[in-house]
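**Q** Build the 3D model from these lines:
(2 chains)
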Amino acid sequence: MAAFIVRMGPVLMLWLAVCVSGSWAVDRGNFKTCDQSTFCKRQRALKPGQSPYRALLETLELTNTKLTLQLINDNNKVRLLLELYRLQGNMTRVKINELKPLKPRFEVPDVLINDPPTEPLSLLSQDENGMVLSLGADSQRLIVSAKPFRLDIMEGREVLLSLNSRGLLAFEHLRIRKDTLADPEGAEKKEETDAASEQTEGEEATKEDEKVEDGMWEETFKSHTDSKPNGPTSISLDFSLPGVEHVYGIPEHADTLKLKTTDGGEPYRLYNLDVFQYELFNPMALYGAIPVMLSHSPQRTMGLFWLNAAETWVDISSNTAGKTVFGQMLDYVQGSSETPQTDVRWISESGIIDVFIMLGPTPTDVFAQYASLTGTQAFPPLAALAYHQCRWNYNDQEDVAAVDQGFDQHDIPYDFIWLDIEHADGKRYFTWDPHKFPQPKEMLQGLEDKRRKMVAIVDPHIKVDNSYKIHSEIRSRGFYIKNKDGGDYEGWCWPGNSGYPDFTNPEMRAWWASMFAYDQYEGSRENLYTWNDMNEPSVFNGPEVTMHKDAVHGNWEHRDLHNIYGLYVQMATAEGLIQRSGGVERPFVLTRAFFAGSQRYGAVWTGDNAAEWDHLKITIPMCLSLGLVGVSFCGADVGGFFKSPSPELLVRWYQTGAYQPFFRAHAHLDTPRREPWLFGPENTALIREAVRQRYALLPYWYQLFYHAHRTGQPVMRALWVEYPQDTATFSMDDQFLLGRDLLVHPVTEEGARGVTAYLPGNGEVWFDVHTFQKHNGGQNLYIPVTMSSIPVFQRGGSIIPRKVRVRRSSSCMEHDPYTLYVALSPKRFAQGELYIDDGHTFSYEKQKEFIYRRLAFANNTLSSRNLAPGSQFTTLSWIEKIVILGASKPSKVTLKMPDGKESQLEFDFDASMSVLTLRKPGVNAGVDWTVVLQ
Amino acid sequence: MHCPILIAVVIWSSCVDSQKIRGISLSYKRFYRERKSFLCIDGSKLIPFDQVNDDYCDCADGSDEPGTAACPDGRFYCTNLGYRPHYIPSSRVNDAICDCCDASDEYNSHTACQNTCRNLGQRERAEVKSQMRALDQGLRLKQQLIEEGVLTWRDKQAQLRDLQRVLDDLQTQLDDLRKEDARRKKEVDALRELEIGALETEENSHRSHIMNESPVSIFYELDSNRDGRLSAKEVRAKLTDIQDGERVLSEDEAVIRGRVPGRLVKGEPVLKAAVSAAEKAAAELKKVEDAYETVYMEIRDLREKLATDYGPEREFLFLYNQCFQLKVHEYFYELCPFNQVTQTSASGAEVSLGKWGSWAGSPQHRYSQMKYENGEPCWQGPTRNTVVTLTCGTETALRSVKEPGKCQYVAEFQTPVACRPALRQQGVHSEL
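**A** Predicted structure coming up:
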């Protein structure tokens, strides 16, 4: 600590001044409310009503791929251009920009994985009030109303979604500064615009004098002034969702899964921020932003993807939210009610309106639609799904060796040990502290000898120090973000005065990636991976602890692209890890900041949480929300980052984290050590057991991620995703599904004696994975719990592979045999999958080296069948045991091989639990086989 | 000394070879006699003998798979000929990591493990030998230190007794002196009273005398520096002869009394003698009181020191009043046993890492750790503390200081007095 104080003294004090309010929770005063963000205030002041926008139907152009149409604002005569695309896969894209902006407005690049393929639109009818278009699918229609402008998407007679139905379309066009403070250059520009406006002169162009309001051309928050050289540029649009009462998504917020209405409160804010000691259950912005919202009703699931990387606020209102249950009931009984409806309004500070309407109709469809736009979850190396041990900081090589040894002594598996900022030489990333880590390669070799790995942090703030190679190269290549005056932007972060590389520049990203080469990153080895923290970016002395919006990235202001900066950092880092292996190895990179598309580059975690029970609870909705919008590889710091957990909280957090996708323990520098064996033998045993359950289940996790990678379906799922008709599940966020087949209701209450889990599915059954006890679906089940309980249930009808020989790291388990857990449905049916590859390279993709099999149980016969005939991979793993839950006792069990060979299998039947265990089928996991019960 | 054991191991291992039950120790051999069936050691299940070590876990206690990784909580016996045999968890069998030095755990993982037992054994034996030598020497040194400690202890006890005696003497003296002092004071008071009575009768004549002298001449007499003002200093200077020896004139008094000529209280010789005797008695008393205080403090310190727990044989006594230093990178650490631990940075700033708290070893080895608590508080955190672990060695020195958790320091302190004969047993054991 002394060293920390000495080195960090100046930064700490600054950080303190910026962040610490004295009390424990977040200092809200450091972050803007909508009222303090002038564009949000201006936009929100606009109330629903008659829209000033009118569609100029005569400007309609319809080509094979798109429809274009001009809109005019009757108040100021500024014209907008609407582009509408029907996209393959039941999606509609609506783009609105100024017809003739003074200069180009920012359109977010690098998020869409390709130019989305279109489908033809056809005009069905048109009159002076509007027109009707066919949206590909037979019954879907798009209705364009001219005055006021409005779009409705209908299916049959039902309106699925309306745009601008509340008249909140508002587009602040680029303009010349007219107030007294206008800069002298304004005069020159004026001529250009005169020319531009002449084109619209044909109309009775008496432009309404634009009001100049405070904050349009400059605004100040706390001591920070935003120079706003482009003036007001914000945009807004409303969407109405008839029949919808539940909306989800738009992470990252520390809030419930189901989004709340924001009437009378703050809107949900999307603006990547390093929030010190964040508060729970509020719409404040956090580290990441994914502007995607899902709506759901028993009839339909849809999605809205608002592709804009500027500061964004989302208002949600509902016509049923204010009603009491009695009121709703009355409506229902009287049958007189208006249909429930949710209205949503998006406001962004700059850029254009570019919105993708994903029409579902099922949750699976929406996931696939979104994945077709922004890609799927990166398929992580298998080891990354295992357990990670982190702390700020493991002090030195000896400490790393001792912790590694501790895991072996206490027989607890782990795969990755992590090094936080103190490992580097004076926070100069890509270097090592010469005293604490004098021999990083030897240290990494030591871990490799145990088949384990390491992650070292590499943050995007670069110490301004001419003797530091990374800095001097970035500076000399001109890769730093610039301040408004053209110099390199500098701000305070961990190393003190720092520069911020412009990751939006592809050349910068290529250079950054090259820095991960083994001959560039000294002390690195194949088993060293990377963690990108502080990439919001965090600037201790910047406005709201981030970068000034008038900082400059090439042609664009930071304002235009703030929310995507973190994505680019992770993208460049992941690319570096791929390149260093010549494109052979899959990367693993953890990020704190993220945006739509970040799922393609690795894992995210929920940032600096705290050792409190509510923080444990919030991990579920936070990761579920991320899963709904593409990011499956999500986790929270096990144990809580700030403060110190009680042993009970720590154990419960391990038990919960063991069943969440990214499983990493982490702790703040100020907290006492908390390696799993420091809380007495009982707690050590409880933690060991939780971690072992994780390792045994790794084959299932791995195939869930393979599935997520291929299809975009989330790994950790909200219950309503699989039970979309069951309204009881719509707001549920204290339990979750892994894939379709495991239901987890972790214990997250202090001193809990029992939990009530909801087992969905009328007529279905669920099996307790620990006791094999069968329970009926469609009920709330009270489960008494002890400290060792982790309530997990396997769905009847599923087959889950496990590797029950838990070893000290996942790599050690590579060739181990599988045990299949076959949970029979009431109709004595079950199916599952088995996916196997080398666990760490791209060979599964490039050389099709993998095994992908369907396991199915029907008619008393269990068989393994190849799902990917074009693939080839050989495994040493075999089938060690088959456990059939809900079985009856057979008289004999026969294993049949494709070559006709048959053999009898020994079995054991537990009549009390109806569990049939087949002993040692012994077949290779990659071949066809059949087991017949007679 | 190791010969019989080595021979036993050789014989035993040749027996096992013929039986081919992998992963069991000699003492477990009896459970694995080749028969038709095998009874799980916990008696829970009877299985065909060919299911022993067939890479499938049948017994709940894992006893049917001593040589494979099939059972979750099983264990594998590394024979480690030439080194120490030991158990490893079954999960480390065939995991492509060499755990047994005889490579017996990696018989099917295609990992080329070297048999390193001989080297390890040699190295360990050499190490144990040197450790034993160090231990022997340490124990000898410890004995000396204990003996020294006994002497020191006796010295201190004697010193304490002496001091106590001195204190008692001083106490007696004090009693006498206090009486004497009181008597003297009383005497002076009595004489004074007499004097005052006498003076009062004279007062009128004196007063008229004063009145007769011109104020101007008195003024001039007092205004020694001729600046036309009377300062307290001037008055005091003139009146030194009328100070009563116990009091010094205050500023006010000097000014007021300044009006009165000095010869007014020019004392009688009897009073003067009495005053001087009283002064002497008071001075004497003060001296003895001071001496008493000093001795008393000394006794208190010594008692406190002797009350500290220096171990069952007071072997740690010699550490008192000593300090040990160590430099780690830019920091300079100092351990003063039974007192405090400090850290000094390159810039010279000294931080307390804790003051002596207590012995903190496990109940069996209470004296293997010391705890220093309530050092300087940390930012947003608790106060600094240090746990010092004592290890056996021939020298007494601070070996390492680390900070595994923020403001939680651990130090290793080597000293012969941490050597225990029991360590010899452990050494011999590990020599096997």
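**Q** tell me what the helix or strand where B:V128 lies is packed against?
**A** Taking DSSP states H and E as the criterion, the element that holds B:V128 is helix B:117-212. Other helices and strands packing on helix B:117-212, by 3 or more C-beta pairs under 8 Å, 6 or more residues apart in numbering or on different chains; DSSP states H and E, are helix B:269-307, strand B:385-392, helix B:421-430. Where you see a C-beta, it was placed from the backbone N, CA and C, and this is true even at glycine.
**Q** mean confidence score for that helix?
**A** Model confidence over helix B:117-212 averages 84 on the pLDDT scale.
**Q** to the chain's geometric centre, what's the distance from it?
**A** Helix B:117-212 has its C-alpha centroid displaced from the chain centroid by 22 Å (C-alpha atoms, centre = their mean, to the nearest Å).
**Q** do stretch A:293-306 as well
**A** Mean-position distance between stretch A:293-306 and its chain equals 17 Å (C-alpha atoms, centre = their mean).
**Q** Tell me the buried residues in that stretch?
**A** By neighbour count, and taking 16 or more other C-beta atoms under 10 Å in any protein chain shown as the criterion, the buried residues in stretch A:293-306 are A:293-297, A:300-306.
**Q** mind listing what's buried in stretch A:698-712?
**A** Judged by neighbour count (16+ other C-beta under 10 Å), stretch A:698-712 contains these buried residues: A:698-709, A:712.
**Q** hmm, I was thinking of stretch A:279-298
**A** Going through stretch A:279-298 with 16+ other C-beta under 10 Å, the ones that come out buried are A:280, A:282-297.
**Q** show me where the stretch 101-250 of chain A has helices.
**A** Ranges of helices in the stretch 101-250 of chain A, per DSSP state H, counting those that start in this stretch, are A:186-198.
**Q** so where do the strands sit in the stretch 401-550 of chain A?
**A** When secondary structure is read from DSSP state E, counting those that start in this stretch, the stretch 401-550 of chain A shows strands at A:416-419, A:453-457, A:462-463, A:490-493, A:496-499, A:528-532.
**Q** To A:K889, which of those strands lies closest?
**A** Closest to A:K889 of these is strand A:416-419 (C-beta to C-beta; 44.8 Å).
**Q** just the buried residues of stretch A:698-712 that are near chain B?
**A** When C-beta under 8 Å from any C-beta of the partner chain is applied, no member of those is adjacent to chain B.
**Q** Could you single out the nearest of those residues to chain B?
**A** Chain B lies nearest to A:L698 out of the buried residues of stretch A:698-712, by C-beta to the nearest C-beta, at 14.1 Å.
**Q** That closest one: what's it in contact with?
**A** A:382, A:385-386, A:803, A:810, A:813 (C-beta atoms under 8 Å, 6 or more residues apart in numbering or on different chains).
**Q** repeat that with 7 Å
**A** Taking C-beta atoms under 7 Å, 6 or more residues apart in numbering or on different chains as the criterion, A:L698 is in contact with A:382, A:385-386, A:803, A:810.
**Q** Most neighbours among those residues, which one is it?
**A** For the contacts of A:L698, counting by other C-beta atoms under 10 Å in any protein chain shown, the largest number of neighbours falls to A:S810: 29 neighbours.
**Q** Excluding chain neighbours, what is closest to that residue?
**A** With C-beta to C-beta, 6 or more residues apart in numbering or on different chains as the criterion, A:S810 has its nearest non-adjacent residue at 4.2 Å, and that residue is A:A386.
**Q** Distance of that neighbour relative to A:Y394?
**A** Taking C-beta to C-beta, to the nearest Å as the measure, A:A386 falls 18 Å from A:Y394.
**Q** likewise A:D488?
**A** Distance of A:D488 to A:Y394, computed by C-beta to C-beta: 33 Å.
**Q** Looking at those two now, which is surrounded by more residues?
**A** Relative neighbour count places A:Y394 above the other of A:D488 and A:Y394, with 25 against 17, counting by other C-beta under 10 Å.
**Q** Let me see the contact set for the more buried one.
**A** A:Y394 is in contact with A:400, A:403, A:417, A:419, counting by C-beta under 7 Å, 6+ apart.
**Q** count of neighbours near B:Y296?
**A** The criterion is other C-beta under 10 Å. On that basis, B:Y296 has 14 neighbouring residues.
**Q** mean confidence score for stretch A:533-546?
**A** Regarding stretch A:533-546, the rounded mean pLDDT is 98.
**Q** scratch that, stretch A:113-123
**A** pLDDT averaged over stretch A:113-123 gives 94.
**Q** circling back: using TSV, please lay out the strands of the stretch 401-550 of chain A together with distance to A:S51 and mean neighbour count.
**A** Formatted as TSV, the entries for the strands of the stretch 401-550 of chain A read as follows, by distance: least, C-beta to C-beta, whole Å; neighbours: other C-beta atoms under 10 Å in any protein chain shown:
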stretch	distance to A:S51	mean neighbour count
strand A:416-419	52	24
strand A:453-457	49	24
strand A:462-463	47	24
strand A:490-493	41	22
strand A:496-499	45	21
strand A:528-532	42	25
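**Q** Just tell me which of those strands ends up closest to A:R652.
**A** Taking C-beta to C-beta, strand A:416-419 is the member of the strands of the stretch 401-550 of chain A nearest to A:R652, at 22.1 Å.
**Q** what pLDDT, on average, does that closest one get?
**A** Confidence for strand A:416-419, expressed as mean pLDDT, is 98.
**Q** What of stretch B:405-425?
**A** Average pLDDT, stretch B:405-425: 89.
**Q** buried ones in that stretch?
**A** Neighbour counts over stretch B:405-425 (16+ other C-beta under 10 Å) mark B:405-420, B:423 as buried.
**Q** anything in that stretch near chain A?
**A** Yes: under the criterion of C-beta under 7 Å from any C-beta of the partner chain, chain A is reached by stretch B:405-425 at B:405-408.
**Q** ok now do the closest residue in space to A:S888 that isn't next to it in sequence, which residues does it touch?
**A** Residue nearest to A:S888 in three dimensions, not counting chain neighbours: A:S914, with 6.8 Å by C-beta to C-beta, 6+ apart. Contacts for A:S914 (C-beta under 7 Å, 6+ apart) come out as A:886-888.
**Q** Excluding sequence neighbours, find me the nearest residue to B:T396.
**A** That would be B:T415: by C-beta to C-beta, 6+ apart, it lies 4.2 Å from B:T396.
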